[in-house]
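# Please work out how this folds:
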Amino acid sequence: MPWPSWSESGTAGIVFVLAWLVVGRMPRTRLGDVFRPAAKELAITSLLYSFWRVAKRLPFDVRSGAIERAQTIVDVQHSLGIPSEIHAQRLILAWAPLGWASGAYYAGLHVPATLLFLAWLYIRHQDRFGVWRNRLALTTLFCMLVRFIHVAPPRFLPELGYIDVAAANGMDVYANAGSAAQSVAMPSIHVAWAAIVGFGVLDASPSRWRWLFFAHLPVTMFVVSATGHHWWLDGIVAIALLGLATVIDDRVRRVLQTRSAVGDATVAGAIATTR
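Here you go, the predicted model:
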């Protein structure tokens with residue numbers, strides 16, 4: 001799937017930064033009050049996306065041992081009693097349309113779903129936008145750091161019975177990616193972003209329909225494993241990294257709020273003293 005390149009998203013980010021600066025120097029208008037913060041968030045989102053695309057191309061290649069690490073994951077999952085991904089593969093392969101739909105879901109939904117979530121959050125629940133934007137950035141950063149130690153996906157171990165379901169359905173998901181870039185199963189960015197969407201919707205929306213959108217997380221976790229692109233543990237680790245990002249974001253916010261409250265109290269006390 002030809003998502004925007006790092007240069008395209010980086011250029012968009014620079015354009016939005018310039019627009020934010022220009023509008024800030026213009027006379028204040030109602031339209032400007034709406035556009036300026038939107039331009040700021042679009043700039044941040046575009047530049048973060050560009051950073052993610054660049055990080056995927058960095059020359060950190062610890063591919064040696066990727067297959068061995070994957071086999072270790074198989075052993076760990078077995079010792080924990082986690083069912084093999086092969087069972088999920090058999091399920092979707094039993095009905096051809098389900099196999100095709102699973103491959104299409106894996107290939108085409110993680111980026112649009114995340115961007116639509118951010119847009120919805122900004123428009124409908126702007127008070128929670130900064131929280132989930134930061135958690136998305138931190139979680140993605142943690143995932144990229146872990147992924148520098150390469151782990152082969154299930155489809156790289158056909159001798160154990162795993163297959164590439166997307167390829168079997170004629171989908172060339174990694175047409176422009178080298179074999180090293182494909183040896184980064186742990187953790188799953190797809191699951192990490194789906195967790196952001198799922199838990200973010202639960203956090204921000206009071207609607208009873210929010211559980212329908214939360215289903216994007218378990219469906220994604222099933223699909224990425226059933227298609228042979230990720231291990232179950234890849235998704236579990238991704239969700240754990242979101243938990244870590246949440247703890248860090250919450251603590252930083254509490255520290256900043258405490259400092260702000262202390263600062264306000266100090267200013268109020270100084271004013272009272274001078275009267």
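# At the geometric centre of the chain, which residue do we find?
For the chain, the residue sitting closest to the mean C-alpha position, by CA atoms, centre = their mean, is Trp193 at 2.8 Å.
# dump the residue contacts of that residue.
Residues counted as contacts of Trp193 (CB atoms under 8 Å, 6 or more residues apart in numbering) are His110, Val111, Ala113, Thr114, Leu136, Thr140. Where C-beta positions appear, they are placed from N, C-alpha and C, glycine not excepted.
# Got a PyMOL select line for the buried ones in these?
Buried residues within the contacts of Trp193, by 16 or more other CB atoms under 10 Å, are selected in PyMOL with:
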select buried, resi 110+113+114+136+140
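# with the contacts of Trp193 in mind, which one is nearest to Glu68?
Nearest to Glu68 among the contacts of Trp193, counting by CB to CB, is Thr140 at 26.6 Å.
# Tell me the confidence at that closest one?
Looking at Thr140, its pLDDT is 91.
# Would you agree it is in contact with Pro187?
No - if you go by CB atoms under 8 Å, Thr140 and Pro187 don't touch, sitting 10.5 Å apart.
# helices or strands up against the helix or strand bottoming out on mean pLDDT in the chain?
In the chain, no helix or strand scores lower on mean pLDDT, DSSP states H and E than helix 30-55, which sits at a mean of 78. Where contact means 3 or more CB pairs under 8 Å, 6 or more residues apart in numbering; DSSP states H and E, helix 30-55 is packed against helix 6-25, helix 110-124, helix 129-146.
# List the buried residues of that helix.
Result for helix 30-55 [16+ other CB under 10 Å]: buried residues 36, 38-53, 55.
# ok, back up a step: in JSON lines, list the contacts of Trp193 along with distance to Ala12.
Converted to JSON lines, these look like this (distance: CB to CB, whole Å):
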{"residue": "His110", "distance to Ala12": "19"}
{"residue": "Val111", "distance to Ala12": "14"}
{"residue": "Ala113", "distance to Ala12": "19"}
{"residue": "Thr114", "distance to Ala12": "16"}
{"residue": "Leu136", "distance to Ala12": "17"}
{"residue": "Thr140", "distance to Ala12": "18"}
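# to the chain's geometric centre, what's the distance from stretch 211-223?
14 Å (CA atoms, centre = their mean, to the nearest Å).
# same check, this time on stretch 87-94
Chain-centre distance of stretch 87-94: 26 Å, with CA atoms, centre = their mean.
# Next: stretch 139-146.
The answer for stretch 139-146 is 9 Å, by CA atoms, centre = their mean.
# all helices of the stretch 151-275 of the chain, in order?
Applying DSSP state H, counting those that start in this stretch to the stretch 151-275 of the chain gives helices spanning 165-168, 189-204, 210-214, 216-226, 232-274.
# buried sites along the second one?
The one in question is helix 189-204. So helix 189-204, judged by 16+ other CB under 10 Å, has buried residues 189-201, 204.
# For stretch 101-119, measure first residue to last.
25 Å (CA to CA, to the nearest Å).
# list the buried ones in that stretch?
Those would be Ser102, Gly103, Ala104, Tyr105, Tyr106, Ala107, Leu109, His110, Ala113, Thr114, Phe117, Leu118, for stretch 101-119 by 16+ other CB under 10 Å.
# TSV for these, including pLDDT?
As requested, the buried residues of stretch 101-119 are exported to TSV (pLDDT from 0 to 100):
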residue	pLDDT
Ser102	90
Gly103	87
Ala104	88
Tyr105	91
Tyr106	90
Ala107	85
Leu109	88
His110	86
Ala113	93
Thr114	94
Phe117	95
Leu118	93
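# can you list those in TSV and add distance to Val23?
Below are these laid out as TSV (distance: CB to CB, whole Å):
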residue	distance to Val23
Ser102	44
Gly103	43
Ala104	40
Tyr105	39
Tyr106	39
Ala107	37
Leu109	33
His110	32
Ala113	30
Thr114	26
Phe117	25
Leu118	21
